[in-house]
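Student: sequence? don't have it. structure:
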């Protein structure tokens with residue numbers, strides 16, 4: 001085997017190994033996050049129960065009043081602007097919208113920028129799931145400064161802390177667009 005072939009093989013192996021390590025770290029991180037949250041809530045032994053079915057997507061403006069600090073932090077984050085990365089040509093491309101919008105393909109999810117602008121980008125409900133029942137269940141707590149453990153459980157049980165199945169990986173393994181090539185006109189220059 002020539003020295004050039006060994007170098008190419010070595011770099012390829014190193015790239016694959018690094019990618020695999022990143023995927024493993026993200027999966028472990030997600031599991032750690034869920035465990036840490038369960039411990040914080042005093043429920044380390046029990047897995048998170050699924051929220052009620054039949055929820056609808058609301059959009060960020062409906063989450064903001066109760067979760068203002070999180071909302072303001074998200075607005076400064078790259079996730080808030082993922083839809084803006086798309087040019088007009090790709091704003092209707094379902095392969096792009098799976099990650100660059102919220103709830104695309106779901107009955108109450110993102111349709112287009114005109115009819116569902118608050119679901120453009122990777123919003124709160126991309127990670128936590130639709131929140132209509134959560135909003136309804138939590139209305140009585142709107143003016144409560146510190147929730148009791150019972151109130152906290154009611155609120156927690158009405159929405160996912162983090163969608164199951166390591167939801168972050170569903171888009172972030174494609175961040176480099178392994179499944180779908182990043183169109184040349186959207187590729188960033190290095």
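Tutor: Arrived safely, thanks for sending. Quantities reported herein were computed from a predicted structural model and do not represent experimental measurements.
Student: Looks like residue 100 contacts residue 83 (just checking).
Tutor: Yes. Using Cβ atoms under 8 Å, residue 100 is in contact with residue 83, at 5.0 Å. Where C-beta positions appear, they are placed from N, C-alpha and C, glycine not excepted.
Student: which residues are common contacts for those two?
Tutor: Contact criterion Cβ atoms under 8 Å, 6 or more residues apart in numbering; residues shared by residue 100 and residue 83: 120, 121.
Student: tell me the domain ranges of the chain?
Tutor: Recorded structural domains for the chain (assignment: automatic domain parsing) are 1-47, 52-186.
Student: rank the ones you listed by pLDDT, which is bottom?
Tutor: Lowest mean pLDDT of the domains of the chain: domain 1-47, a mean of 53.
Student: who's in contact with residue 113?
Tutor: For residue 113, the contacting residues are 83, 91, 120, by Cβ under 8 Å, 6+ apart.
Student: Quick check: it vs residue 122, distance?
Tutor: To residue 122, residue 113 is 15 Å away according to Cβ to Cβ, to the nearest Å.
Student: Mind jotting down where the helices sit in the chain?
Tutor: Counting by DSSP state H, one finds helices in the chain at the ranges 3-40, 60-63, 68-76, 94-100, 124-128, 132-138, 149-156, 167-172.
Student: Count the neighbours of the residue nearest to residue 170 when sequence neighbours are not counted for me.
Tutor: Once flanking residues are discounted, residue 170 sits nearest to residue 99: 7.7 Å by Cβ to Cβ, 6 or more residues apart in numbering. Residue 99 has 19 neighbours, counted by other Cβ atoms under 10 Å.
Student: Hmm, residue 99 is touching residue 79, no?
Tutor: No. In this structure, residue 99 is not within contact of residue 79 by Cβ under 8 Å, at 10.1 Å.
Student: any common contacting residues for these two?
Tutor: By Cβ under 8 Å, 6+ apart, residue 99 and residue 79 have these common neighbours: residue 122.
Student: wait, residue 142 sits on residue 66?
Tutor: Yes. Residue 142 is within contact range of residue 66, at 6.7 Å (criterion: Cβ under 8 Å).
Student: So between those two, which is more surrounded?
Tutor: Taking neighbours as other Cβ under 10 Å, residue 142 and residue 66 compare with residue 66 leading, 15 against 8.
Student: got a list of what the more buried one touches?
Tutor: Contacts of residue 66 by Cβ under 8 Å, 6+ apart are 138, 142.
Student: so how far is residue 80 from it?
Tutor: Separation of residue 66 from residue 80 (Cβ to Cβ) stands at 18 Å.
Student: Same check on residue 104?
Tutor: For residue 104, the distance to residue 80 - Cβ to Cβ - is 16 Å.
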